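> Generate a structure from the sequence data that follows.
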Amino acid sequence: MMKVLIAEDDFASRKFLLRFLQQYGECDVTVDGQEAIEAFEMAMEDEEPYDLICLDIMMPGVDGYEALKAIRKMEEERDVPESDRVKIIMTTALNDGRNVTKAFSLGCVAYAGKPIDKEKFLNELEKLGLVKEGAALR
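I've put the predicted structure just below:
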């Protein structure tokens, strides 16, 4: 079963992602980047790493970019091979090219603009090998 971390400060988006993703795996939820980093670190220490992190860019305190950087740094320090690294999808209303480019340069694997399109999101999860192809949309 897939293990998911949702880092999202907006209640409606958080609720939507939780409802959508819990049919495919076990979900933990954080409301800012600092909490996301801490949850990721705890999961690594418990040797139960996340398969997927949905990371909002605009969050109070530590934003999604900083959280993404910190998570990739932790994986590097622990010599996690690239093939085993957590898949990180940035979820954001910032849909301009500059933000997309920055997110990919920091190590995200996909980018989902808000409002999130369930079908596109599911296709992305299939492409990343996180859900089986043809997984039903509910």
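
> residue contacts, residue 5?
Neighbour list for residue 5: 27, 28, 29, 30, 36, 39, 40, 43, 50, 52, 53, 54 [criterion: C-beta atoms under 8 Å, 6 or more residues apart in numbering]. Every C-beta, even on glycine, is put in place using the N, C-alpha and C of the backbone.

> is it fair to say it lies in a strand?
Yes - applying DSSP: H, G, I helix; E, B strand; the rest coil, one finds residue 5 inside a strand.

> My reading is that residue 28 lies in a helix. Confirm?
No - using three-state DSSP, the secondary structure at residue 28 is strand, not a helix.

> and it, how many neighbours does it have?
18 (other C-beta atoms under 10 Å).

> For the protein, just list every one of the helices.
All helices of the chain, identified by DSSP state H, fall at 11-21, 33-45, 64-77, 97-105, 118-127.

> If we go by neighbour counts, what in the last one is buried?
Within helix 118-127, the residues that qualify as buried by neighbour count (16 or more other C-beta atoms under 10 Å) are 121, 122, 124, 125.

> would CSV of these with distance to residue 14 be doable?
Converted to CSV, the buried residues of helix 118-127 look like this (distance: C-beta to C-beta, whole Å):
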residue, distance to residue 14
121, 15
122, 18
124, 19
125, 18
